[in-house]
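Asker: just a sequence and a predicted model for now, questions to come.
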Amino acid sequence: MPTKPLYLYDSYLKEFEAKVEQANGNRIVLDQTAFHPLTGGVAYDIGFLEKSGTRCKVVSVEINRETKEIVHVLEGETDWKQGDVVKGFLDWERRYKLMRLHTAAHLIAAILYRDNNALVTGGQVDTEYAKLDFNLPTTDREIFVAAVAKANQEAGKDNPLKIYFVARDEALKMPGVVKLAERMPPQEKELRIVEIPGIDLQADGGPHVKNANEVGEIQLIKIENKGKNQRRAYFGVG
Ligand SMILES: [Zn+2]
C-alpha cells in the first residue's frame with residue numbers, strides 16, 4: 001500500500017504518529033510519514049522513529065517508485081511488526097536547510113529562464129549546497145552573478161508561497177509549469193503546484209519554505225563547465 005506522504009501537504013510537520021505496514025530488519029514502511037525520501041533531486045530526511053520509548057535513528061529514506069511505499073532505513077534492526085504504532089521525529093535543522101536551498105534553487109532557475117532562456121537539465125539539493133545544471137552556451141560568470149543578485153532581491157521580499165493540487169490536464173496548460181528540459185512530471189492524476197507568486201510556477205513534490213523571505217542570503221559557490229551547452233552552478237544559503 002502506498003505510504004501517505006504527509007510532507008506534500010505540510011512541509012513544517014516535524015513530528016507525527018504512524019502505523020508500521022512492513023518491517024524487514026532495519027527497513028520500515030509506515031502507513032504515513034513526514035520523512036521526505038530522496039526524490040525530485042532533494043536529499044532525504046533523517047531523524048528517528050520511536051516505539052514505547054525506544055528510539056531508532058533514521059539514516060536514510062527511500063521511495064519505491066512502483067509501489068509508492070516509503071522505506072525508513074534505520075541504524076539497527078528492530079523487533080517491530082505490522083500494526084505497531086510509532087512516532088516519527090525529523091531532524092528539523094537539516095530539513096529546514098533543505099527547504100531554504102530548494103526554494104532558492106527555484107528562484108535561481110526561474111530567473112535564468114526568464115532572463116537568459118536557460119532550461120534546467122538537472123539538479124540536486126543537498127544539505128550544504130544545491131547544484132543546478134543549465135542548458136546555456138556560455139560560461140559567463142556575470143550571468144550567474146546577476147541571477148543570484150536578483151534571486152536575493154526576491155528572497156528579501158515578504159512573498160508567501162502557494163502550494164496546491166491541480167488536475168494534470170489543467171496543470172500542463174499553465175504557462176511555464178514544466179521548466180525541466182526533456183522531462184515531464186510523472187503520470188499522476190493531480191499535480192502539486194508550487195508557486196512563488198510573480199516569479200515561479202512549478203509542478204513539484206518537494207518541501208519548500210512558506211515565504212520567500214525565509215530563504216536567507218543566497219551565495220554563488222562556483223560554476224563548472226560540464227560540456228557543450230551544459231553549465232553547472234553551485235550555491236548555498238547563509
Ligand atoms: Zn523543486
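Answerer: Received the coordinates, thanks.
Asker: what residue in the chain comes nearest to the ion?
Answerer: Nearest residue of the chain to the ion, counting by Cβ to the ion: residue 204, 4.1 Å away. For every residue, glycine as well, the C-beta is placed using N, CA and C.
Asker: for that residue, which non-adjacent residue is closest in space?
Answerer: residue 194 (4.3 Å; Cβ to Cβ, 6 or more residues apart in numbering).
Asker: please name the strands paired to the helix or strand harbouring the one you found in the sheet, noting orientation.
Answerer: Secondary-structure assignment from DSSP states H and E places residue 194 in strand 190-196. Partners of strand 190-196 in the sheet, by DSSP bridges, are strand 162-167 (antiparallel), strand 200-203 (antiparallel).
Asker: now the shortest one, how far from the centre of its chain.
Answerer: The offset between the C-alpha centroid of strand 200-203 and the centroid of the whole chain comes to 13 Å, using Cα atoms, centre = their mean, to the nearest Å.
Asker: repeat that for stretch 155-167.
Answerer: Remark: stretch 155-167 is offset 14 Å from the chain centroid, using Cα atoms, centre = their mean.
Asker: and for residue 150, the neighbour number?
Answerer: A count of nearby residues for residue 150, using other Cβ atoms under 10 Å, gives 19.
Asker: helix, strand, or coil at the nearest residue to residue 45 once chain neighbours are set aside?
Answerer: Ranked by Cβ to Cβ, 6+ apart and with sequence neighbours excluded, the top spatial neighbour of residue 45 is residue 35, at 4.5 Å. What DSSP: H, G, I helix; E, B strand; the rest coil gives for residue 35 is coil.
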